[in-house]
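S.K.: Predicted coordinates and the sequence they were generated for:
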Amino acid sequence: MTGFAELLFSGLMSGLIIGLAGLAVTLVFGIARFSNAATGDTMTLGAYGALVGSAFTGSVILGSLIGLAAGALASVVSYLLVFRPLQGRSPISSLLASIGLAFFIRAIIGLVFGHDQNVFQLDIVRPIKFAGIRIQPNDLKFAAVAISTLAVVFIILHLTPIGRRMRAVADNPLLAKVSGISPRPVMLALWSIAGAVSAIAGIILGMKTVVSPESGWEMLLPAFAAAVLGGIGHPIGAIVGGLLIGVAQELATPFVGFTYKIAVSFIVLLLVLLIRPKGLFGRSEGVR
Amino acid sequence: MEAYLIAIGIFAGIYLLLALGLNLQFGMTGLINFGHVGFFCIGAYTSALLATNGVPVALSLAAGGFAAMLAAWPLGVVSIRLREDYFAIASLGFSEIVRLVVTSEGWLTKGVQGIPGIPRIFPGVSSQMQSMLMFGLVMVLCLLAILAMRRIVKSPFGRMIEAIRDNEEAVRSLGKEPAGFKMQVLLLGSLLAGVAGGLYAHYIGYISPDQFIPFITFQIWMAIIMGGVGRISGTVAGVIILMTFLEGSRFLRDVAPFIPEVAMASIRLGVIGLALMLFTIYRPQGLMGDYTKR
């Protein structure tokens, strides 16, 4: 039973990371209307930014803030240089360009930092026992960071003027335009939020495991699966989807083995597309 | 030098088979297949495994193509009716799962160690003759594929898939169901990719999972986009540019040996990525496309 509880806990932890990445995917999809395949590599970029930042400042927290800023900045720059010129064209163009961008980011990271795995210098702490479950105190901190990130994103989306405009554009871009909402600040806000959220997901992932140029790309499929499961364009859905996939991955591990863990998100993705393409919370707009 | 050119020619032919399949799928039908390398991989492994276990090569090559087609069918059933970008993601996932299975099922595929000693296609000839015959075979297959594509473009089927690409709703309103046509196109492209995979495995003689990464898929994508989507001449031109680039980057290492191979791999990745971005932004119709419009 404690084995089960521990799997559940670690599933929730990886689910939070998947959920954050899925949130970045779903926000971009909801407002900019295309699937951003560069999300994974923005995560990697954030993690490397945090590595460099913490080596530079000597503090993991300051370093993480630098990584966060790097992710947000890269995301905004990619909007200005790549995705803004493609606005108004088919979403396929943006999707293709985002794949190119993903490769480009990964190539730069590979060139600058090499292909070795890097780890964050975190203090090793004794796991605490809670109701018979061993819990790493660091995991609790990561969870707190992830949950506060979510809280900030939802506060921005629902309690600030720019958030209201973002939701208006997501809801109906034409109507938003005729109501006098200028798309530019909305897009800038969107891309900086999406970049920052991806970077945080990448940093937590890097702290829990290792940082390598490929680590973000490998999160792309789970992130998409989470976004689709939750109903694409639906922020809470992405989080719930991420948590479900994270738990499903961990619970499936004893049965299918460690290597097929990643396959779980693909199976989930296919099942959702087959049975309920609009996802758990999605609206029924054109999925098919 | 001659042997080197023939070797490049063989690779270019294999890439061309892949690109022709993808051009049929994306260029003519608008089907966004991000998992092309998965079918290439299935063809390569099927043919290699059968041939190393004593099946005649001609038969194993055909089986490779057939297996790729067979694998495409369930993917199509599940996802071909979905909106185009959902299919893109599902197919990308598919190719990653294929690689995962090939990596994990060591009892069958020897896992990351790969399969060595895959028999050559023409037994009992000198290695020079082998390359010549191989080159001939690949070129004949490419020619056949190109002729088939031309036939398809001119046929009612070709007009139908181009109509699906241009306006799926209109096709549906005329009482035709696009999904069936898309499925046929998916299967045809996968057949080509599977045969290309078999040729690759028998030519190289050794395959392992890390030869079948998504980067291969997007190299082919870059080739067809750079050449000109939907045009056979564009596909050929794109593959030539791609091969020139890939081989040129190898030459660059001979000239500048201080660049380590891992860095060169990153440079290749970055250049392909950059080309994908620049072409989709500035020249979506490709080099061979219409020059009068932007």
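M.R.: Yep, it's here.
S.K.: Spell out which residues of the stretch 101-250 of chain B are next to chain A.
M.R.: B:Thr103, B:Ser104, B:Phe215, B:Phe218, B:Trp221, B:Ile225 (CB under 8 Å from any CB of the partner chain). In short, each C-beta sits where N, CA and C put it, glycine included.
S.K.: Give me the pLDDT for the last one.
M.R.: Model confidence at B:Ile225, given as pLDDT, is 90.
S.K.: thought it was touching A:Leu96?
M.R.: Yes. Using CB atoms under 8 Å, B:Ile225 is in contact with A:Leu96, at 7.4 Å.
S.K.: overlap in contacts of the two?
M.R.: Common contacts of B:Ile225 and A:Leu96 (CB atoms under 8 Å, 6 or more residues apart in numbering or on different chains): B:Leu276, B:Thr280.
S.K.: What is the burial count for B:Leu41?
M.R.: Not Leu; residue B:41 is Cys. 29 (other CB atoms under 10 Å in any protein chain shown).
S.K.: Which parts of chain A are helices?
M.R.: A:2-32, A:39-57, A:60-78, A:91-113, A:137-159, A:161-171, A:173-178, A:183-208, A:220-230, A:235-256, A:261-275 (DSSP state H).
S.K.: could these go into a markdown table alongside distance to chain B, mean pLDDT and mean neighbour count?
M.R.: Shown next, in a markdown table, are the helices of chain A (distance: least, CB to the nearest CB, whole Å; pLDDT from 0 to 100; neighbours: other CB atoms under 10 Å in any protein chain shown):
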| stretch | distance to chain B | mean pLDDT | mean neighbour count |
| --- | --- | --- | --- |
| helix A:2-32 | 9 | 91 | 24 |
| helix A:39-57 | 10 | 94 | 26 |
| helix A:60-78 | 9 | 95 | 21 |
| helix A:91-113 | 3 | 93 | 23 |
| helix A:137-159 | 23 | 92 | 15 |
| helix A:161-171 | 17 | 90 | 17 |
| helix A:173-178 | 17 | 87 | 12 |
| helix A:183-208 | 16 | 94 | 25 |
| helix A:220-230 | 5 | 93 | 31 |
| helix A:235-256 | 10 | 90 | 21 |
| helix A:261-275 | 4 | 86 | 19 |
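S.K.: Could I get the contacting residues of A:Val268?
M.R.: A:Val268 is in contact with A:Ala225, A:Leu229, A:Leu244, A:Ile245, A:Ala248, counting by CB under 8 Å, 6+ apart.
S.K.: re earlier: of all the helices of chain A, which one comes closest to B:Ala7?
M.R.: In terms of CB to CB, the element of the helices of chain A nearest to B:Ala7 is helix A:91-113, at 26.1 Å.
S.K.: Quick one: work out the angle between that closest one and helix A:220-230.
M.R.: Between the axes of helix A:91-113 and helix A:220-230, defined by axes from the mean of the first three to the mean of the last three CA atoms, to 10 degrees, the angle is 140 degrees.
S.K.: for helix A:91-113, packing partners?
M.R.: Judged by 3 or more CB pairs under 8 Å, 6 or more residues apart in numbering or on different chains; DSSP states H and E, helix A:91-113 is in contact with helix A:39-57, helix B:84-104, helix B:214-227, helix B:261-282.
S.K.: again, only this time at 6 Å
M.R.: Packing partners of helix A:91-113 (3 or more CB pairs under 6 Å, 6 or more residues apart in numbering or on different chains; DSSP states H and E): helix A:39-57, helix B:261-282.
S.K.: Let me have the ones you listed in JSON lines, extended by distance to B:Met69.
M.R.: JSON lines is the format used below for the helices and strands packed on helix A:91-113 (distance: least, CB to CB, whole Å):
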{"stretch": "helix A:39-57", "distance to B:Met69": "30"}
{"stretch": "helix B:261-282", "distance to B:Met69": "28"}
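S.K.: and of those, who's closest to A:Ala201?
M.R.: Using CB to CB, the nearest of the helices and strands packed on helix A:91-113 to A:Ala201 is helix A:39-57, at 5.3 Å.
S.K.: Okay, buried residues for stretch B:233-243 please.
M.R.: Residues B:Gly234, B:Thr235, B:Val236, B:Ala237, B:Gly238, B:Val239, B:Ile241, B:Leu242, B:Met243 are the ones in stretch B:233-243 that count as buried (16 or more other CB atoms under 10 Å in any protein chain shown).
S.K.: Just list the residues touching the second one, thanks.
M.R.: I take that to be B:Thr235. Counting by CB atoms under 6 Å, 6 or more residues apart in numbering or on different chains, B:Thr235 makes contact with B:Ala19, B:Leu20, B:Asn23, B:Ile224, B:Gly227.
S.K.: and which of these is nearest chain A?
M.R.: Comparing the contacts of B:Thr235 against chain A with CB to the nearest CB places B:Ile224 closest, at 11.0 Å.
S.K.: Give me the neighbour count for that closest one.
M.R.: Neighbours of B:Ile224 under the rule other CB under 10 Å: 27.
S.K.: so what's it up against?
M.R.: So B:Ile224 contacts B:Ala19, B:Leu22, B:Asn23, B:Thr235, B:Gly238 (CB under 6 Å, 6+ apart).
S.K.: same thing with A:Leu221?
M.R.: A:Ser265, B:Gly93 are the contacts of A:Leu221 under CB under 6 Å, 6+ apart.
S.K.: How much space separates it from B:Pro178?
M.R.: 26 Å (CB to CB, to the nearest Å).
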